[in-house]
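> Structure for the following, please:
(chains A and B)
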Amino acid sequence: MRARPRAPAGRRGPRRPLSGIALLALAACLPRETGWQLEAPALHDGRAGLRAEGARVDYDLEVAVTAATVKDDDAAAQAARITLRGTARWTGADSRAPTVVRVTAIPVEVQASGVYWIESSAADLALRPGREVEFSLGLDWDLEHGCPKDQACRQPLGLRLEWLYPDAGVVEVRWSVDAEVFGGRGGAAPPGAGISAGVLASPHKDPSPSP
Amino acid sequence: MRVPRTQRAGRLPAGLIALALVGCKPPPAAGVPWVLAEDRLGQSAAVDHEVSEETDNRTRTLAARLRLRARLDVAALARRLRVRPDALARAQTRVTLVGAAQWIEGPAGDASPSVLSVTFARDGHEATTQRDQILYAGRETPLVGLLSLPWPLAGCSAPCEATLTLDQEWFHADAGRLELRWFFFFEVTVRGALQQLPLDHEVFAVQVLAEEASR
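Now for the predicted structure:
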């Protein structure tokens, strides 16, 4: 076998851009120290009907992040983002005027829980009879202060549906809860890491129409 | 707190709505259409404005209809865009509306939002475009997206004319007044690039005043 003669140094110029691209591609494939991310779609879904005589309903949800949430653990979960997506539809009315439904996700303060919500999130939806309107609310959950050892971080979350200007018919609201958990160093989530959500208590309705 | 309409009669006028047109420049005399000039795409439009308060509707505070006549000089536009007039006739052309709304002297806080409903239509084009926008007192709300209609120039003898109708309805407003500003754009896609040309700079501001506020 004959060795291929090496090209003179001056003729290797055109190959340099390719080498640069190869280096960039290699760098992109290298594991980075940006932490891990875990997606948890469709954790929970629900539906509710609002009427003039029951224009407000509150749900108590609970979101829990499990495993690897101990403070000072390099691989611990550091934050979570909860997303509430859904639709609202007003039926059984023939009004020419739009109405308004308010959807609010309310973090519930828990003393000494060691976890913090950034802020609540709300959306006002203008509804027309028969027309479906989508909404999406995001809540950030700071876990950097850690959770009890070998226990899940549990956090109640209020969901309030409120028909601001109740009229004839029913407003049907459907929703689902998705979540993402972001962790510390390490490319993959540690074993057992996860997030769950569910209804904590049965909904409690406000019997009087909202003012 | 919302109060029944009957109790609001003292705060909101029963009949008289004062309408003030204010803006960067006064509107021209009625009947003067937009004219496309070399250096400037539009002059103020001919504006017909109707404002009414529907006392029999317990949720609608007022309705206002704005009709504008627009005229485009296709040859001048082609020169400006450096295309042939027949290429312009084949291009995708639209008239687009953006604006801003501000609810002044309404109830403080976000507890009682109102709804501004806007329907945009062009004579000769069956489809209309409509949107409902939530408004909060004391906060300016941009009105962007969705309010756009095709305005094909094909088969149009120069100048092209169109009548645009903007129906504005304001619901669930207990008190205060509404300021609206609209900006009209003519959009054309030539050589794959979207060109957005103002049909007028700041068209006008409409101020719908409650009777008490206008005194």
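> interface residues of chain A facing chain B?
Residues of chain A found near chain B (C-beta under 8 Å from any C-beta of the partner chain) are A:95-98, A:100, A:124-126, A:128, A:164-165, A:211. From N, CA and C alone the C-beta is placed, and that goes for glycine too.
> Can you give me the distance of the residue lying closest to B:Glu105 once chain neighbours are set aside to chain A?
Nearest in space to B:Glu105, with sequence neighbours left out and distances taken as C-beta to C-beta, 6 or more residues apart in numbering or on different chains, is B:Gly176 at 4.0 Å. Separation of B:Gly176 from chain A (C-beta to the nearest C-beta, to the nearest Å): 17 Å.
> Run a quick neighbour tally on B:Gly176.
21 (other C-beta atoms under 10 Å in any protein chain shown).
> now swap in B:Gln196 and tell me
10.
> Give me the sheet partners of the host helix or strand of it and which way each runs.
Per DSSP states H and E: B:Gln196 is located in strand B:193-198. In the sheet, strand B:193-198 lines up against strand B:177-190 (antiparallel) (DSSP bridges).
> For the partner strand, list every residue counted as buried.
The neighbour-count check on strand B:177-190 (16 or more other C-beta atoms under 10 Å in any protein chain shown) flags B:177-188, B:190 as buried.
> for the record, mean pLDDT for that strand?
Strand B:177-190 shows a mean pLDDT of 82.
> sorry, back to before: got JSON lines for the residues of chain A next to chain B, with secondary structure, neighbour count and pLDDT too?
Shown next, in JSON lines, are the residues of chain A next to chain B (DSSP: H, G, I helix; E, B strand; the rest coil; neighbours: other C-beta atoms under 10 Å in any protein chain shown; pLDDT from 0 to 100):
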{"residue": "A:Ser95", "secondary structure": "coil", "neighbour count": "16", "pLDDT": "89"}
{"residue": "A:Arg96", "secondary structure": "coil", "neighbour count": "12", "pLDDT": "87"}
{"residue": "A:Ala97", "secondary structure": "coil", "neighbour count": "20", "pLDDT": "90"}
{"residue": "A:Pro98", "secondary structure": "coil", "neighbour count": "27", "pLDDT": "95"}
{"residue": "A:Val100", "secondary structure": "strand", "neighbour count": "21", "pLDDT": "97"}
{"residue": "A:Asp124", "secondary structure": "strand", "neighbour count": "18", "pLDDT": "97"}
{"residue": "A:Leu125", "secondary structure": "strand", "neighbour count": "22", "pLDDT": "98"}
{"residue": "A:Ala126", "secondary structure": "strand", "neighbour count": "23", "pLDDT": "97"}
{"residue": "A:Arg128", "secondary structure": "coil", "neighbour count": "19", "pLDDT": "96"}
{"residue": "A:Leu164", "secondary structure": "coil", "neighbour count": "20", "pLDDT": "96"}
{"residue": "A:Tyr165", "secondary structure": "coil", "neighbour count": "23", "pLDDT": "94"}
{"residue": "A:Pro211", "secondary structure": "coil", "neighbour count": "10", "pLDDT": "44"}
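> could you give me the average pLDDT of the strand holding B:Gln196?
Averaged across strand B:193-198, pLDDT comes to 79.
> B:Gly176 touches B:Ala108, doesn't it?
No. Taking contacts as C-beta atoms under 8 Å, B:Gly176 lies outside contact range of B:Ala108: 10.5 Å.
> hey, what's in contact with both of those two?
B:Ala137 (C-beta atoms under 8 Å, 6 or more residues apart in numbering or on different chains).
> Just confirm B:Asp86 is within a strand.
No. Assigned with DSSP: H, G, I helix; E, B strand; the rest coil, B:Asp86 falls outside any strand and is helix.
> Just want the residue of chain A that's nearest chain B.
For chain A and chain B, the shortest gap (C-beta to the nearest C-beta) falls at A:Ala126, measuring 3.8 Å.
> who touches that residue in this structure?
A:98-100, A:133, B:115, B:132-134.
> so where's chain A uncertain?
Across chain A, the ranges flagged by pLDDT under 70 are A:1-34, A:67-73, A:109-118, A:145-150, A:185-186, A:201-202, A:205-211.
> picking that back up, so which of the contacts of A:Ala126 are in strands?
Those of these mapping onto strands are A:99-100, A:133, B:115, B:132-134, per DSSP state E.
> ok so, going back, in a markdown table: the buried residues of strand B:177-190, plus distance to A:Val65.
Output for those, formatted as a markdown table (distance: C-beta to C-beta, whole Å):
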| residue | distance to A:Val65 |
| --- | --- |
| B:Arg177 | 49 |
| B:Leu178 | 46 |
| B:Glu179 | 47 |
| B:Leu180 | 47 |
| B:Arg181 | 47 |
| B:Trp182 | 48 |
| B:Phe183 | 47 |
| B:Phe184 | 51 |
| B:Phe185 | 48 |
| B:Phe186 | 53 |
| B:Glu187 | 48 |
| B:Val188 | 52 |
| B:Val190 | 53 |
